[in-house]
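1. starting from these lines, generate the structure:
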Amino acid sequence: MRNLFQGFKTFLFRGNVIDLAVAVVVGTAFTAVVTSLVTNIFTPLIAAIGGQPDFSELTFTINNSRFTYGEFINSLISFVVVAAVIYFLVVLPISKLNERRARGEIPKQADPVLSDEARLLTEIRDLLLEQQRRDQTRM
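-> As a prediction, this is how the structure comes out:
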């Protein structure tokens with residue numbers, strides 16, 4: 001039973017699980033901010049231009065079936081705003097940074113200096129992989 005909890009603890013405290021949890025929390029908070037931006041800024045702005053203050057009430061009916069396309073319009077506006085913010089605040093700056101690195105304007109990060117133990121473990125790993133490949137070609 002102790003090994004079960006130890007394995008679970010190891011799993012939880014690996015960097016990628018914690019990074020994922022942080023990303024989900026930040027993503028949720030970001031969604032709330034964007035939803036507020038769309039609801040409180042963009043929708044009234046569109047209403048001032050187009051005269052429709054809230055799209056959620058837009059519907060049409062065919063054979064007694066009601067289609068509420070206004071909610072879709074609200075969701076579409078939210079999506080476009082989120083995509084634009086991510087593009088202009090995340091994707092574009094990272095692309096520009098990578099271009100500058102490729103041109104040599106920004107030095108690339110130096111390779112980490114390995115300790116003697118890490119270098120030895122790397123050599124052992126490489127030797128084991130080479131042996132495994134040789135064994136597979138014999139079969």
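2. now the strands for this protein?
-> Under the criterion DSSP state E, the chain carries strands at the ranges 60-62, 65-67.
3. who wins for proximity to Val33 among those?
-> Of all the strands of the chain, strand 65-67 sits nearest to Val33, with 30.0 Å by CB to CB. The way it works is simple: take the backbone N, C-alpha and C, and place the C-beta from them, glycine included.
4. what's the local residue count around Arg66?
-> A total of 8 residues lie near Arg66 under the criterion other CB atoms under 10 Å.
5. got the contact list for it?
-> Thr59, Phe60 (CB atoms under 8 Å, 6 or more residues apart in numbering).
6. any idea how far Thr59 is from the residue nearest to Thr61 when sequence neighbours are not counted?
-> Excluding its sequence neighbours, the residue lying closest to Thr61 (CB to CB, 6 or more residues apart in numbering) is Phe67, at 7.2 Å. Applying CB to CB, to the nearest Å, the value for Phe67 to Thr59 is 6 Å.
7. any idea which of the strands of the chain gets closest to Asn98?
-> strand 65-67 (44.5 Å).
8. quick one: stretch 77-92 to chain centroid distance?
-> 12 Å (CA atoms, centre = their mean, to the nearest Å).
9. what's in contact with that stretch?
-> Phe30, Thr31, Val34, Thr35, Leu37, Val38, Phe42, Thr43, Ile46, Phe55.
10. quick check, nearest of the residues you listed to Arg125?
-> Closest to Arg125, out of all of those and judged by CB to CB, is Phe30, at 39.1 Å.
11. show me the contacts for the closest one.
-> Here Phe30 is in contact with Val82 (criterion: CB under 8 Å, 6+ apart).
12. got any ranges where this structure has weak pLDDT?
-> 1, 12, 14-15, 52-54, 108-111, 139 (pLDDT under 70).
13. find the residue at the geometric middle of it.
-> Ala23 (7.2 Å; CA atoms, centre = their mean).
14. buried subset of the contacts of stretch 77-92?
-> Val34, Val38, Phe42, Thr43, Ile46, Phe55 (16 or more other CB atoms under 10 Å).
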